[in-house]
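predicted structure and sequence below. I'll ask about it afterward.
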Amino acid sequence: TSFDVTCTSVPTAAGPGVLVSFEDTTHLQQADQMRRDFVANVSHELRTPLTSLMGFIETLRGPARNDPVAIDRFLGIMQSESARMERLVRDLLSLSRVEGQERVRPTETVEIGQCLQSVVHALRPVATDKDVTIDLVLPETGLTVNGASDQLVQVFTNLIENAVNYGGAGNSVEVAAHVSENAPSVRGPAVIVTVTDQGPGIDQVHIPRLTERFYRVDSHRSREMGGTGLGLAIVKHIINRHRGRLRISSELGKGSEFRVILPRETRG
Ligand code: ADP
């Protein structure tokens, strides 16, 4: 805990006095520290691909300038490093946009079944390339929420992409949705979507921190997958904006379940 202490001289009935006031500044200092950590993280994440790009440019202008095989290989690496920077900037912009909108309630009527169908359709080719199958289990009707459809698409894309990437080859991912008439976590009717994988699972100690910006269980693995470390932070902010909840459960060696609970549309 930290305090700002201010002393002011004041006249009192008994003569000159001193007014001492204490202001609890713990939350301000914590916010300040978080901002500094965030800037340091962003700088680090951008510097790594930049350093690599600069190194390759130097080599291409020098020792490798007449070696077509090396030129081709280095340009390939430079392309993937640039793509990494592009993903990072895209995710930073998404994050800052959703953080700014958190208090603005989205009002579109979104059919979650259609939303999931389009996300699964878009991700199936990627999953097939990695030898992962995606099963989608939907009830007939009733999956309507008030929301922002592009943001909900982003939530499900991030969760299903993670399940495909971290689940590993030969596994299957199940995406299922159902309606609950009374979900305690949103105090009322809800649409519940679960994304389940049979991957390596996540140790319990990491679970509460997964939605922090740049928090990764295994940085090397995340980077190899092309991850920015911002996906679940974006997911959390979008779900907050929808007054929903994210629940993560996982068992090492068995797999993980990411559960999104969204208040169901109530008309009138
Ligand atoms: P990243 O870009 O690294 O995937 P995320 O914010 O999406 O960032 O996820 C944060 C971390 O949570 C990941 O680096 C990974 O360690 C872990 N994670 C997320 N989803 C899964 C999953 N389905 N199985 C195992 N680990 C996961």
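Cool, the structure landed. Numbering: from 1, shown residues only.

okay, CA-based contacts and neighbour counts for the rest of this
Fine.

find me the pLDDT at the residue nearest to residue 82 when sequence neighbours are not counted, would you?
Nearest non-adjacent residue to residue 82, counting by CA to CA, 6 or more residues apart in numbering: residue 49, 7.2 Å away. Residue 49 is assigned a pLDDT of 94 by the prediction.

what about residue 49, distance to residue 182?
From residue 49 over to residue 182 the distance is 48 Å, taken as CA to CA, to the nearest Å.

next one: residue 38
Counting by CA to CA, the separation of residue 38 from residue 182 is 38 Å.

check which element follows the one helix or strand residue 48 maps to along the chain.
Applying DSSP states H and E as the criterion places residue 48 in helix 26-61. Per DSSP H and E, the first helix or strand lying C-terminal to helix 26-61 is helix 68-101.

what residues are up against the closest residue to residue 253 other than its chain neighbours?
Distances taken as CA to CA, 6+ apart place residue 200 nearest to residue 253, at 4.7 Å, with adjacent residues excluded. Residue 200 makes contacts with 166, 167, 252, 253, 254, 255, 256, as judged by CA atoms under 8 Å, 6 or more residues apart in numbering.

which SS class is residue 200?
Three-state assignment for residue 200 (DSSP: H, G, I helix; E, B strand; the rest coil): coil.

quick one, phi/psi of it?
Dihedral angles of residue 200 (phi, psi; degrees, to the nearest 10) stand at phi -70, psi -10.

go on, residue 211?
Main-chain torsions, residue 211, degrees, to the nearest 10: phi -90, psi 0.

shouldn't it be in contact with residue 237?
No - shown here, residue 211 and residue 237 do not form a contact pair, counting by CA atoms under 8 Å, at 9.1 Å.

convert the C-alpha atoms of the lowest-mean-pLDDT helix or strand in the chain to CSV, please.
Every helix and strand of the chain was ranked by mean pLDDT, DSSP states H and E. The lowest is helix 219-224, at a mean of 87. As requested, the backbone C-alpha atoms of helix 219-224 are provided in CSV (Å, rounded to 0.1, in the frame of the first residue of the first chain):
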residue,chain,number,x,y,z
SER,A,219,6.6,-18.3,-25.1
HIS,A,220,8.6,-20.4,-27.6
ARG,A,221,5.6,-22.5,-28.5
SER,A,222,3.3,-19.5,-28.8
ARG,A,223,5.8,-17.7,-31.1
GLU,A,224,6.2,-20.8,-33.2
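
okay, the angle between the helix or strand following that helix and helix 68-101?
Scanning forward in sequence from helix 219-224 by DSSP H and E, the next helix or strand is helix 231-241. For helix 231-241 and helix 68-101, the angle between their directions (axes from the mean of the first three to the mean of the last three CA atoms, to 10 degrees) works out to 20 degrees.

contacting residues for residue 192?
Per CA under 8 Å, 6+ apart, neighbours of residue 192: 177, 178, 179, 180, 259, 260, 261, 262.

need these in JSON lines with neighbour count, can you?
As requested, the contacts of residue 192 are arranged in JSON lines below (neighbours: other CA atoms under 10 Å):
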{"residue": "177", "neighbour count": "21"}
{"residue": "178", "neighbour count": "19"}
{"residue": "179", "neighbour count": "20"}
{"residue": "180", "neighbour count": "17"}
{"residue": "259", "neighbour count": "20"}
{"residue": "260", "neighbour count": "23"}
{"residue": "261", "neighbour count": "27"}
{"residue": "262", "neighbour count": "30"}
